[in-house]
Structures are given as structure tokens and as C-alpha cells.
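# Sequence below, structure please.
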Amino acid sequence: MDKTSMRAASALIATLLLCAGAAHAQKAPAKKAGAAPAEVQVAAATPEQLHAARLVHMGTSQCEFKQSVHITPSEKHPGYVDLRHGNRTWLMKPVLSPTGAMRLEDVRGEVLYIQIANKSMLLNMRQGQRMVDDCVHEQQRAAAMAVKAAQAD
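The predicted structure is shown next:
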């Protein structure tokens, strides 16, 4: 698949995921000026969620425009992960989709991170736009190289 086709596919995936995820987005309570964000209450992780959390590409993914996304297991909430991009951190619920894509859903409904076979992207659900794209974790890079090597044979 050439680069133009990959970008078109990415745009289509992002649009479909935004539409699908928009129904799940929740408004966060308004913040008081100078107040620390309230501790979020989350449900205990289900067995499916615990399984999905083990499949998340943990660590740093390098993205377009020299940006990065960093994912670590949540210390406070087993089965959840913390996603950091820039100076923001979100608590994310891992959900394995039927297509094999890993969805990391912000528990407050603001952002969605999608990990597919060859890359990942961070979407702002409230604004309906991508925040950062072409994020590649070392495991995704290795998988892509394996596919290319198999195609060359």
C-alpha cells in the first residue's frame, strides 16, 4: 500500500472511530478556577479488559512532527493505563475491538487512542479531530518490517 493510500485509510479509520466513539463520550464536570481535577471513579476492570490491558503497546511511541505518546499501566486502577501526550495525562480503559484494533478510551470521554497493526493515533472526541497521528511503537515497527520481509520473498 503506498503512502497516499495509507493516509486515506487512516483518515477513514479515524472518521469511523470518531463517529462510533462519539456516542460514548461524556462531558467532564466544569472545573473551578485553580482547582485540581477531581479524582475519577472507575469501575473495576472486567476479565476482558484485563486481557486487553496486557495487549497494549506500553512505553513510548514516536509520532509525526517529533511528538510522542507514552503509555504506562495505571498505578491506581488495575486494568487501566495512563496515556501522556505533551503536558497532559489521561486515564484510559483498554478495549479490544472485533477488528483487532486496540482502543484506549479516556474515562472522561475526551480522547481516544487507537493502536492498529502499523501505527497509532490520538483523537480528540469532543472536537472531532486528530491530535497526533503516525505514532509508531517499536513493536509496530517490528511487525511492519516482518510484513515487508515476507512480501519481498
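# Go through stretch 135-150 and flag the buried ones.
By neighbour count with 16 or more other CB atoms under 10 Å, stretch 135-150 contains the buried residues 135-137, 140. C-betas here are computed from N, CA, C, even on glycine.
# where in the protein is pLDDT low?
In the predicted model of the chain, residues 1-38 satisfy pLDDT under 70.
# What is the nearest of the buried residues of stretch 135-150 to L50?
Nearest to L50 among the buried residues of stretch 135-150: H137, at 20.5 Å, using CB to CB.
# which helices and strands does the helix or strand containing L50 pack with?
Using DSSP states H and E, L50 sits in helix 47-55. Under the contact criterion of 3 or more CB pairs under 8 Å, 6 or more residues apart in numbering; DSSP states H and E, helix 47-55 touches strand 88-96.
# chain center to the helix or strand encompassing Q140: distance?
Secondary structure from DSSP H and E places Q140 in helix 138-152. Mean-position distance between helix 138-152 and its chain equals 21 Å (CA atoms, centre = their mean, to the nearest Å).
# Ok, stretch 47-58 next?
Between the centre of stretch 47-58 and the centre of its chain there are 13 Å (CA atoms, centre = their mean).
# contact partners of that stretch?
By CB atoms under 8 Å, 6 or more residues apart in numbering, the residues outside stretch 47-58 that reach it are 45, 71-73, 78-81, 93-96, 102, 104, 115, 120, 137, 139-140.
# List only those of those residues flagged as buried.
Buried, going by 16+ other CB under 10 Å: 45, 71, 79-81, 93-96, 102, 104, 115, 120, 137, 140, out of those.
# The residues you listed: which two are farthest apart?
A45 and Q140 (24.2 Å).
# V136 versus T46, what's the distance?
Distance, T46 to V136, by CB to CB, to the nearest Å: 29 Å.
# ugh, wrong one, Q129
20 Å.
# center of this structure, which residue is that?
Nearest to the geometric centre of the chain sits Y113, at 1.7 Å (CA atoms, centre = their mean).
# Ramachandran coordinates for it?
phi -110, psi 130 (degrees, to the nearest 10).
# For it, which residues are in contact?
Listed by CB under 8 Å, 6+ apart, the contact set of Y113 reads 69, 71, 83, 92, 103-104, 120-123.
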